[in-house]
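Trainee: my questions are about this predicted structure, shown below with the sequence.
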Amino acid sequence: MIDRVITKGTFSLDGGTWEVDNNVWVVGDAREVVVIDAAHDAAPIAERVGGRAVRAILCTHAHNDHVNAAADLARLTGAPIRLHPDDQVLWEQVYGPEVSYEPLADGEKLVAGGNVLEILHTPGHSPGAVCVSAPELGVLFSGDTLFKGGPGATGRSYSSFETIIDSIRKRLLTLPAETVVHTGHGDSTSIGAEAPHLEEWIARGH
């Protein structure tokens with residue numbers, strides 16, 4: 001069972017602010033779920049969760065638009081916030097030292113409603129960016145690492161185009177072509193749809 005909640009708000013970094021719509025993914029069954037990227041407003045996310053237990057609030061990275069509802073949702077649900085510690089500097093820009101999280105590790109596996117979710121560290125968009133692979137569901141939750149049409153943005157602080165391309169090539173394009181990619185913003189895609197365009201992205205990025 002995969003639900004999407006679209007929330008609206010702003011993304012701010014390096015002195016700029018942009019209006020954005022975010023995909024919040026709720027994965028599990030009728031009893032328990034994991035929430036991926038609690039963005040902007042905890043209320044509609046909690047409403048979609050309903051009476052189910054939240055096992056974890058997973059953050060694919062710590063840009064403010066992906067974590068700014070995490071603390072409120074944690075208070076509402078009692079769930080731990082999980083983040084790769086390489087994004088500590090970005091986390092502190094949002095929450096300072098007041099809100100803590102439990103560190104995620106590359107290769108770590110979590111279970112929600114019988115669904116195994118594996119953490120893939122995919123730096124580039126940010127140092128601690130991760131994707132969440134659910135092989136039994138044939139799905140990847142890519143955060144802002146891979147979108148329909150190309151890699152996530154790398155033009156701001158703590159990002160690297162070369163690193164994100166390396167992450168996509170080694171960690172994502174090795175997944176089955178039929179894997180559905182649920183992204184942090186916009187429409188979903190698939191590994192098979194994106195893989196043929198890798199060299200175009202590299203040429204465009206340089």
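Mentor: Ah, there it is.
Trainee: the closest residue to residue 141 other than its chain neighbours: what secondary structure?
Mentor: Of all residues not flanking residue 141 in the chain, residue 132 sits nearest, at 4.1 Å (C-beta to C-beta, 6 or more residues apart in numbering). In short, each C-beta sits where N, CA and C put it, glycine included. Classification of residue 132 by DSSP: H, G, I helix; E, B strand; the rest coil places it in strand.
Trainee: quick one, what contacts residue 132?
Mentor: By C-beta atoms under 8 Å, 6 or more residues apart in numbering, the contact list for residue 132 reads 36, 58, 60, 117, 118, 119, 120, 140, 141, 143.
Trainee: for residue 204, same thing?
Mentor: Taking C-beta under 8 Å, 6+ apart as the test, what residue 204 contacts is residue 150.
Trainee: just how off-centre is the helix or strand harbouring it within its chain?
Mentor: Counting by DSSP states H and E, the element that carries residue 204 is helix 198-205. Distance of helix 198-205 from the chain centroid (C-alpha atoms, centre = their mean, to the nearest Å) equals 23 Å.
Trainee: before we move on, what about stretch 196-205?
Mentor: 22 Å.
Trainee: model confidence over that stretch, on average?
Mentor: For stretch 196-205, mean pLDDT rounds to 87.
Trainee: can you show me the CA trace of that stretch as CSV?
Mentor: Taking Å, rounded to 0.1, in the frame of the first residue of the first chain, the C-alpha atoms of stretch 196-205 are listed here in CSV:
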residue,chain,number,x,y,z
PRO,A,196,19.1,5.6,-21.6
HIS,A,197,19.6,9.3,-21.0
LEU,A,198,22.5,9.2,-18.6
GLU,A,199,25.1,10.3,-21.2
GLU,A,200,22.8,13.2,-22.3
TRP,A,201,22.6,14.4,-18.6
ILE,A,202,26.4,14.2,-18.4
ALA,A,203,26.8,16.3,-21.6
ARG,A,204,24.2,18.8,-20.4
GLY,A,205,25.7,19.1,-17.0
